[in-house]
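In: Need coordinates for the following:
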Amino acid sequence: MRVLITGGAGFLGSHLADRFLAEGHIVVAMDNLITGNTRNIAHLAGHERFSFIKHDVSNHIFVAGDIDAVLHFASPASPIDYLKFPIQTLKVGSLGTHNALGLALAKKAKFLLASTSEIYGDPLEHPQKETYNGNVNAIGPRGCYDEAKRFSEAITMAYRRQHGLDTRIVRIFNTYGPRMRLDDGRVVPNFIGQALRGEPLTVYGDGSQTRSFQYCDDLIEGIYRLLHSDYQEPVNIGTQEELSIMEFAKLVNEMTNNKAGIVIKESERIKDDPQTRRPDSTRASTILGWSPKVPLSDGLPKTIEYFKSVV
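Out: Down below sits the predicted model:
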């Protein structure tokens, strides 16, 4: 296969490139580098089956030659990024998805959309099934990301119904691992960065809010299986290993031997921050035969070792 990965210089896009190359495919990575970084794909420089195009997919996309699959991963994905770039986030979720779908249609290619657990908002259902329509504040500060992804899903389904495009939608739950940006504002790099600097870990709210953390290799495996399946409805990919933010902070301090402790800023809880987050991953299990293999006890040390090189 020859595949296009938008957001190909990002955390997940670069790991996807690695996987497709390892399977013998040809990869074209595309990124405008607003949040991605060529450092993530530097190890692929000179690879005979890899190429990189610097381009903003919110503008018309041109790729010469055949394309067998378009994987649309371009988007700011952390609160600090989409609060800094709200309009760009909305544009890449709308115009960018439209352009990527148009390219897939013109090339007669499969299309896989990277959606997110954030489309469920601050959920009133736990764990979250793909049939749950969500509890999203469209005009809140996080709305630029949540609604961009909800629109992305809607237009993807419209292309499937109107044009018969062969589409997939993956709803990605909290994922961590090497190549995350230290300053991207998400809890894993935040905590590890503070711990490696010997600082107290900052917990916003009371720390009871939960997340389920999956290692990047598990997510990439699920995405790869989904693309090669025949299933066209949204699929959650995420682990059942759910921890409170307070529990996670204690675990990071323990693994890094950080004695600085934890600072709680209960009055500074982020607006619309989900209180719970755990997928119902029955679809992934039954349809894809997928289940996560890397527990936090294995994945977190690998991630900590990566961050030691960038702190």
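
In: Next one: residue 109, what pLDDT does it get?
Out: We have a pLDDT of 98 for residue 109.

In: Isn't it up against residue 70?
Out: Yes. The criterion here is Cβ atoms under 8 Å, and residue 109 meets it with residue 70 at 5.4 Å. Every C-beta, even on glycine, is put in place using the N, C-alpha and C of the backbone.

In: Need the residues touching each of those two.
Out: 4, 103 (Cβ atoms under 8 Å, 6 or more residues apart in numbering).

In: Comparing those two, which shows the higher neighbour count?
Out: Ranked by neighbour count (other Cβ atoms under 10 Å), residue 109 and residue 70 place residue 70 first, with 29 against 22.

In: residues contacting the more buried one?
Out: 3, 4, 6, 100, 101, 103, 104, 107, 109, 110, 111, 112.

In: Let's verify the last one: helix, strand, or coil?
Out: If I follow you right, that is residue 112. Secondary structure for residue 112, judged by DSSP: H, G, I helix; E, B strand; the rest coil, is strand.

In: tell me which element the closest residue to it other than its chain neighbours falls in.
Out: Closest residue to residue 112 apart from its sequence neighbours, by Cβ to Cβ, 6 or more residues apart in numbering: residue 168 at 4.2 Å. With elements taken from DSSP states H and E, the one containing residue 168 is strand 167-172.

In: Tell me the strands beside that strand, with direction?
Out: strand 110-116 (parallel), strand 235-237 (parallel) (DSSP bridges).

In: So what touches the last one?
Out: It stands for strand 235-237. Here strand 235-237 has contacts from 117, 128-130, 168-173, 214, 218-219, 222-223, 226, 279-281, 283-284, 287-288, 290, using Cβ under 8 Å, 6+ apart.

In: now swap in the longest one and tell me
Out: Counting by Cβ under 8 Å, 6+ apart, strand 110-116 makes contact with 7, 12, 68-73, 75, 77, 97, 100-101, 104, 145, 149, 152-153, 156, 159, 165-172, 223, 226-227, 234, all of which sit outside it.

In: Please identify the longest helix in the protein, counting by residues.
Out: Counting by DSSP state H, the longest helix found in the chain is helix 143-163.

In: what comes up buried for it?
Out: 143-153, 155-157, 159-160 (16 or more other Cβ atoms under 10 Å).

In: The residue nearest the centre of the chain: what's it in contact with?
Out: Residue closest to the average C-alpha location in the chain (Cα atoms, centre = their mean): residue 172, at 5.6 Å. Contacts for residue 172 were tallied using Cβ under 8 Å, 6+ apart; they are 12, 114, 115, 116, 117, 219, 237, 238.

In: Tell me the confidence at it?
Out: Value for residue 172, per-residue pLDDT: 98.

In: With the one 4 residues further on instead?
Out: We have a pLDDT of 97 for residue 176.

In: My understanding was that it contacts residue 213; is that so?
Out: Yes. Counting by Cβ under 8 Å, residue 176 touches residue 213, with 5.6 Å between them.

In: between these two, which one's more packed in?
Out: residue 213 (25 against 22).

In: ok, the more buried one to residue 292 distance?
Out: Distance of residue 213 to residue 292, computed by Cβ to Cβ, to the nearest Å: 10 Å.

In: quick one: common contacting residues for those two?
Out: Shared contacts of residue 213 and residue 292, defined by Cβ under 8 Å, 6+ apart, comprise 239, 241.

In: returning to what we had before: common neighbours of residue 176 and residue 213, please.
Out: Contacts common to residue 176 and residue 213, judged by Cβ under 8 Å, 6+ apart, are 188, 299.

In: in the stretch 201-311 of the chain, which spans are strands?
Out: 201-204, 210-212, 214-215, 235-237, 242-244, 262-265 (DSSP state E, counting those that start in this stretch).

In: any chance of those in JSON lines, plus mean neighbour count?
Out: Shown next, in JSON lines, are the strands of the stretch 201-311 of the chain (neighbours: other Cβ atoms under 10 Å):
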{"stretch": "strand 201-204", "mean neighbour count": "21"}
{"stretch": "strand 210-212", "mean neighbour count": "22"}
{"stretch": "strand 214-215", "mean neighbour count": "26"}
{"stretch": "strand 235-237", "mean neighbour count": "25"}
{"stretch": "strand 242-244", "mean neighbour count": "17"}
{"stretch": "strand 262-265", "mean neighbour count": "15"}
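
In: I am finished for the moment; much appreciated.
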